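K.L.:
Give me the fold of what follows.
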Amino acid sequence: MARRCAAQGRCAGRRRNAVSAAQVVLVTGADLAPQAVEMLRDYTIVYAGKTPDEQQLIALCHEHQPVAIIVRYGRITPAVIAASAQLRVISKHGTGIDTIDAAAAAARGIAVKAALGANAAAVAEHTWALILACAKDVARLDARMHDGHWDKATHKSLELKGRTLGLVGLGAIGVRVAAVGQALGMRVLAHDPYAKALPAGVENVALADLFAAAHVVSLHCPLTPDNSNMIDAAALALMPDGAILVNTARGGLIDEAALLQALQNGKLRAAGLDSFCIEPFSGDHPFAHQPNVILSPHIGGVTSDAYVGMGTAAAANVLAVLAMLDGEARAAA
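P.N.:
Presented below is the predicted three-dimensional model:
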């Protein structure tokens with residue numbers, strides 16, 4: 001059930017008199033950082049709950065006619081966009097806007113904004129947690145020790161110094177991952193056709209060359225129609241035997257069936273996955289039974305600091321667009 005709250009954070013069954021005429025900001029989640037709520041104090045905030053589906057979002061848009069949607073969970077489809085005649089801006093609580101139908105928004109003249117860089121440090125740190133867990137077999141060795149085993153004489157982990165790190169995407173997250181790789185003594189390759197400048201020591205190469213050379217491949221690009229399933233059987237075949245694949249970007253970048261086969265036949269040493277084609281896992285997902293996969297539930301960017309950063313950036317984007325439109329309306333009056 002949706003919650004409707006005054007901007008100060010108090011929930012109420014009806015709007016308080018002080019904000020009875022306030023415009024509505026719909027949050028497709030159950031909460032927003034208090035700092036972001038304070039920024040939106042002149043608006044009434046409506047919360048859609050933890051896992052809103054399309055019909056719930058349509059109903060909320062019909063009922064409340066929000067001028068802005070802050071997107072945490074769920075998909076903003078053409079039908080959701082059409083349900084509010086007042087909608088002026090869709091602001092992502094994060095960086096990836098693949099859950100927003102940007103074409104439908106553009107057709108209505110609705111701005112689509114992302115909180116660029118707000119969770120970059122958190123995702124970069126999580127990327128390295130997955131890389132190191134894969135290289136050092138942390139999860140398996142931990143489980144073995146809890147079962148009473150001592151595998152020092154039989155186990156060899158992977159040393160990263162002198163090996164090659166390949167980054168697909170070199171934005172705010174990728175450059176942080178690159179810096180850690182360099183600090184560990186790795187050669188760092190990147191493929192990003194949109195990068196204006198590369199950090200010192202990072203080599204920009206063709207995608208196929210990156211796959212062929214990298215002992216660790218880490219994905220940091222947005223999901224688009226052009227790169228869906230970019231990690232397919234052909235891409236995996238190019239990688240060195242025993243390579244590691246890490247994805248803290250979007251699940252749709254990977255052909256999951258092809259990845260599973262590469263993990264099962266030993267082509268890849270391991271994979272660290274924080275995002276998946278279908279979220280949350282539905283049914284009995286095969287990755288859940290694959291021992292050389294480290295899994296996390298799309299929480300790379302979920303830290304206390306990033307929660308505040310994404311919330312305030314999303315709120316700032318809402319306020320900036322609405323202020324601009326208000327200024328244009330005043331100038332035209």
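K.L.:
If you count neighbours, what's buried in the host helix or strand of Arg144?
P.N.:
If you go by DSSP states H and E, Arg144 is part of helix 138-146. Using 16 or more other Cβ atoms under 10 Å as the test for burial, helix 138-146 gives 139-141. Backbone N, C-alpha and C define where each C-beta goes, glycine included.
K.L.:
where do the helices sit along the stretch 201-333 of the chain?
P.N.:
207-213, 233-238, 256-264, 304-332 (DSSP state H, counting those that start in this stretch).
K.L.:
any chance of those in a markdown table, plus mean pLDDT?
P.N.:
Shown next, in a markdown table, are the helices of the stretch 201-333 of the chain (pLDDT from 0 to 100):
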| stretch | mean pLDDT |
| --- | --- |
| helix 207-213 | 99 |
| helix 233-238 | 99 |
| helix 256-264 | 98 |
| helix 304-332 | 93 |
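K.L.:
Mind checking the ones you listed for the one nearest to Trp150?
P.N.:
helix 256-264 (26.3 Å; Cβ to Cβ).
K.L.:
Which strands and helices lie in contact with that closest one?
P.N.:
helix 233-238, strand 268-273 (3 or more Cβ pairs under 8 Å, 6 or more residues apart in numbering; DSSP states H and E).
K.L.:
okay if I get the ones you listed as TSV plus mean neighbour count?
P.N.:
Putting the helices and strands packed on helix 256-264 into TSV (neighbours: other Cβ atoms under 10 Å) gives the following:
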stretch	mean neighbour count
helix 233-238	16
strand 268-273	23
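K.L.:
I'd like to know which of these lies nearest to Ile90.
P.N.:
Nearest of these (Cβ to Cβ): strand 268-273, 27.6 Å.
K.L.:
Just the mean pLDDT for the closest one, thanks.
P.N.:
The average pLDDT for strand 268-273 rounds to 99.
K.L.:
Also stretch 132-141?
P.N.:
Rounded mean pLDDT across stretch 132-141 is 98.
K.L.:
repeat for stretch 185-203
P.N.:
For stretch 185-203, the per-residue pLDDT averages 95.
K.L.:
Give me the contact list for that stretch.
P.N.:
Contacts to stretch 185-203, defined as Cβ atoms under 8 Å, 6 or more residues apart in numbering, come from residues 160-171, 174-175, 178-179, 181-182, 204-207, 209-210, 213-214, 216, 221.
K.L.:
the inter-axis angle of the helix holding Arg144 versus strand 268-273?
P.N.:
In terms of direction (axes from the mean of the first three to the mean of the last three Cα atoms, to 10 degrees), helix 138-146 departs from strand 268-273 by 100 degrees.
K.L.:
helices and strands around helix 138-146, which ones?
P.N.:
By 3+ Cβ pairs under 8 Å, 6+ apart, helix 138-146 packs against no helix or strand.
K.L.:
Find out how far that helix is from the centre of the chain, if you would.
P.N.:
Mean C-alpha position of helix 138-146 versus that of the full chain (Cα atoms, centre = their mean, to the nearest Å) differs by 28 Å.
K.L.:
Just grab the bridge partners of Ile69 for me.
P.N.:
For Ile69, the beta-bridge partners are Leu26, Ile90 (DSSP bridges).
K.L.:
List the contacts of it.
P.N.:
Each residue near Ile69 by Cβ under 8 Å, 6+ apart is listed here: 25-28, 61, 76, 80, 84, 87, 89-91.
K.L.:
Present these as TSV; the columns should include pLDDT and distance to Ala315.
P.N.:
As requested, the contacts of Ile69 are arranged in TSV below (pLDDT from 0 to 100; distance: Cβ to Cβ, whole Å):
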residue	pLDDT	distance to Ala315
Val25	98	8
Leu26	99	13
Val27	99	10
Thr28	98	14
Cys61	98	19
Ile76	98	17
Val80	99	20
Ser84	97	18
Leu87	98	16
Val89	99	11
Ile90	99	13
Ser91	99	8
